[in-house]
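J.: Sequence first, then the predicted structure:
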Amino acid sequence: MVLIPAGEFIMGSNDGDSDEKPVHEVYLSAFYIDKYEVTNAQYKECVSAGRGFMMNQ
């Protein structure tokens, strides 16, 4: 996994569809994300084998 640092970015478009308006600044806290794509089937196989992250653990 890789760390995505906290930061701000501009989100939206004043020229786009109505659900993209208005342009606004968004702040996100730091978070981790997988470096490699995992399909739902691969994740299900991992969980079934007892190696995956399960909610409420």
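T.: Noted; the coordinates are in hand. No experiment lies behind these values; they were computed from the predicted model shown. Residues are numbered from 1 along each chain as shown.
J.: Near residue 12, how many other residues are there?
T.: 14 (other CB atoms under 10 Å). For glycine as for every other residue, the C-beta is placed from the backbone atoms N, C-alpha and C.
J.: Excluding residues flanking it in the chain, which one is nearest it?
T.: Nearest non-adjacent residue to residue 12, counting by CB to CB, 6 or more residues apart in numbering: residue 23, 4.3 Å away.
J.: which ones are touching the one you found?
T.: Counting by CB atoms under 8 Å, 6 or more residues apart in numbering, residue 23 touches 10, 11, 12, 13, 14.
J.: Go again with 7 Å.
T.: Neighbour list for residue 23: 10, 12, 13, 14 [criterion: CB atoms under 7 Å, 6 or more residues apart in numbering].
J.: Show the model's pLDDT score for the nearest residue to the third one once chain neighbours are set aside.
T.: Taking CB to CB, 6+ apart, and ignoring the residues beside it in sequence, residue 13 has residue 20 as its nearest neighbour in space, at 4.4 Å. Turning to residue 20, the model gives it a pLDDT of 88.
J.: which regions of the protein sit below the pLDDT cut-off?
T.: Low-confidence segments of the chain (pLDDT under 70): 51-57.
J.: Quick check: which element contains residue 46?
T.: Assessed by DSSP states H and E, residue 46 sits inside helix 40-48.
J.: circling back: can the contacts of residue 23 go into a markdown table with extra columns for distance to residue 48?
T.: Listed next are those as a markdown table, based on distance: CB to CB, whole Å:
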| residue | distance to residue 48 |
| --- | --- |
| 10 | 42 |
| 12 | 40 |
| 13 | 42 |
| 14 | 47 |
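J.: Much appreciated, bye for now.
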